[in-house]
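*Asks:* The following comprises the amino acid sequence and a computationally predicted model.
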Amino acid sequence: MTDAGRNWLEVRREVPADIGLVAVSKFHPVSALLAAYDAGCRTFGESRVQELCAKRDQLPADVEWHFIGHLQPNKVKYIAPFVSLIHAVDTPKLLAEISKRGKQCGRRVPCLLQVHVAREETKFGFSPEELLAFLATETWREQDGASIEGLMCMASNTDDMAQVEAEFKQVVRLFDEVKGQYFADNPAFRLRSYGMSHDWPVAVACGSNLVRIGTRIFGEREY
Ligand SMILES: *Cc1c(COP(=O)(O)O)cnc(C)c1O
């Protein structure tokens, strides 16, 4: 078995069985995705629309494709018909576009709202205050071509795991608040997408139920 297949199996065994695992395959060749597929992987995450669509054409049809990166509204139309989850909705405008395109193809596109909690200023996402203010508008309730199913975040890129833990915990509190206030009667709102190769055990300890792991499965990426 190739490395990616073996690595995926290892990671799948390490991550608790009730927690979702997205194999982040961005920048890696189709051959590596197929190796993971052969080992049993059915959920891949990509961060570029063109790359995702090209790979989708070359993998079996039972793969679920997650879009994990920053998504430009004008590209939503290419993935709306089939994407299983859009992780990083970072503006009201993007959500409105996802809803519009979802309706056009007769589906409710599952998506997560991205919360910015990391210290880096360049990261995308709603601040906790912006998120609460946006939800308070209630405009998203009419946007039913999109299904808001939880929150996503990226922690600061640091070895300081206490900092990472504090950020994840902030998102858990926000999730509970938002769930109680807006989604108490919506069982679809249940996903907490955080944790990557280096911080997923901390994320899972902090209540993540969907981890996005790339390097640990496919090796280093070349940018
Ligand atoms: C690249 C990426 C990942 C995977 O990161 P690794 O450190 O390679 O595991 C997870 N989430 C997002 C949003 C990414 O862009």
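*Replies:* Alright, I've got the coordinates.
*Asks:* Check the gap between F134 and R119 for me.
*Replies:* Using C-beta to C-beta, to the nearest Å, one obtains 22 Å as the distance from F134 to R119. For the C-beta atoms, the positions are set from N, CA and C on the backbone; glycine is no exception.
*Asks:* Looking only at neighbour counts, state which of these two leads.
*Replies:* Set F134 next to R119 and count neighbours by other C-beta atoms under 10 Å: F134 wins out with 16 against 13.
*Asks:* doesn't F126 make contact with that one?
*Replies:* Yes: F134 is within contact range of F126, at 6.4 Å (criterion: C-beta atoms under 8 Å).
*Asks:* for W8, what are its contacts?
*Replies:* Going by C-beta atoms under 8 Å, 6 or more residues apart in numbering, W8 touches A23, A36, A39, G40, C41, I217.
*Asks:* quick one: contacts for the third one?
*Replies:* The contact partners of A39, taken as C-beta under 8 Å, 6+ apart, are M1, A4, G5, R6, W8, L9.
*Asks:* wait, which of those residues is closest to D62?
*Replies:* W8 (15.7 Å; C-beta to C-beta).
*Asks:* so which helix or strand takes in that closest one?
*Replies:* helix 3-14 (DSSP states H and E).
*Asks:* Would you indicate which residues of the next helix or strand after that helix are buried?
*Replies:* Once helix 3-14 ends, the next helix or strand along the chain (criterion: DSSP H and E) is strand 20-24. Buried residues in strand 20-24, counted by 16 or more other C-beta atoms under 10 Å: G20, L21, V22, A23, V24.
*Asks:* Looks like the last one contacts R212 (just checking).
*Replies:* Yes: between V24 and R212 there is a contact at 5.2 Å, judged by C-beta under 8 Å.
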